[in-house]
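> Here is a sequence together with a model predicted from it:
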Amino acid sequence: YNMDFSRQDLVERSLEEIQAIHALPEAESKKLQAYLETAFRDVKKGERITAVFSPKKGATIYHQGRFTGAIPSLSLAQKFFDIWLSKNTSAPALRDGLLGRS
């Protein structure tokens, strides 16, 4: 990250981005929020959060290389990754870079 973020800022922004793409029902949103609140940590400039998607396990999340949590629901994990990979992402240039299209 290029700046500091609180855990709550990361959770809220992630949920906003997902809602903009998928309009999750409240029950799913609350479940995802709980997963993210467990997995995310406050982030300082220069630190990394890494998320790994597995088609059989959902997503695992790491902060500075240490496991911090998971999104075990395959559907919610896919929606989480859509923040960056959906055609409807709010950051299309980042998506293109992630997909090797830059």
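Yep, it's here.
> ok, and Gln33, which helix or strand is that part of?
helix 26-39 (DSSP states H and E).
> same check, this time on Ala70
strand 66-71.
> That strand packs against which elements?
Judged by 3 or more CB pairs under 8 Å, 6 or more residues apart in numbering; DSSP states H and E, the packing partners of strand 66-71 are helix 26-39, strand 58-63. The way it works is simple: take the backbone N, C-alpha and C, and place the C-beta from them, glycine included.
> Now that strand - C-alpha only, PDB.
C-alpha atoms of strand 66-71 as PDB (Å, rounded to 0.1, in the frame of the first residue of the first chain):
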ATOM      1  CA  ARG A  66       1.300 -14.100   7.700                       C
ATOM      2  CA  PHE A  67      -2.000 -15.800   7.400                       C
ATOM      3  CA  THR A  68      -4.700 -13.600   8.900                       C
ATOM      4  CA  GLY A  69      -8.000 -15.100   7.700                       C
ATOM      5  CA  ALA A  70     -10.100 -16.500   4.900                       C
ATOM      6  CA  ILE A  71     -13.200 -16.200   2.900                       C
END
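> contact partners of it?
32, 35-36, 38-41, 57-62, 77, 80 (CB atoms under 8 Å, 6 or more residues apart in numbering).
> next one: stretch 47-60
1, 10, 40-41, 43, 61-65, 67, 69-74, 76-78, 80-81.
> Pull out the buried members of those.
10, 40-41, 43, 61, 63, 69-71, 73, 76-78, 80-81 (16 or more other CB atoms under 10 Å).
> Could you list the low-pLDDT ranges of this structure?
Of all residues in the chain, none has pLDDT under 70.
> that older thread, can you tell me which of the buried ones among the contacts of stretch 47-60 is nearest Gly100?
Phe81 (16.0 Å; CB to CB).
> Now the closest one, what are its backbone angles?
Here is the backbone geometry of Phe81 (degrees, to the nearest 10): phi -70, psi -20.
> longest single helix anywhere in the chain?
helix 7-22 (DSSP state H).
> Let me see the contact set for the nearest residue to Lys44 once chain neighbours are set aside.
Distances taken as CB to CB, 6 or more residues apart in numbering place Asp4 nearest to Lys44, at 5.3 Å, with adjacent residues excluded. Applying CB under 8 Å, 6+ apart to Asp4 gives the contacts 42-45.
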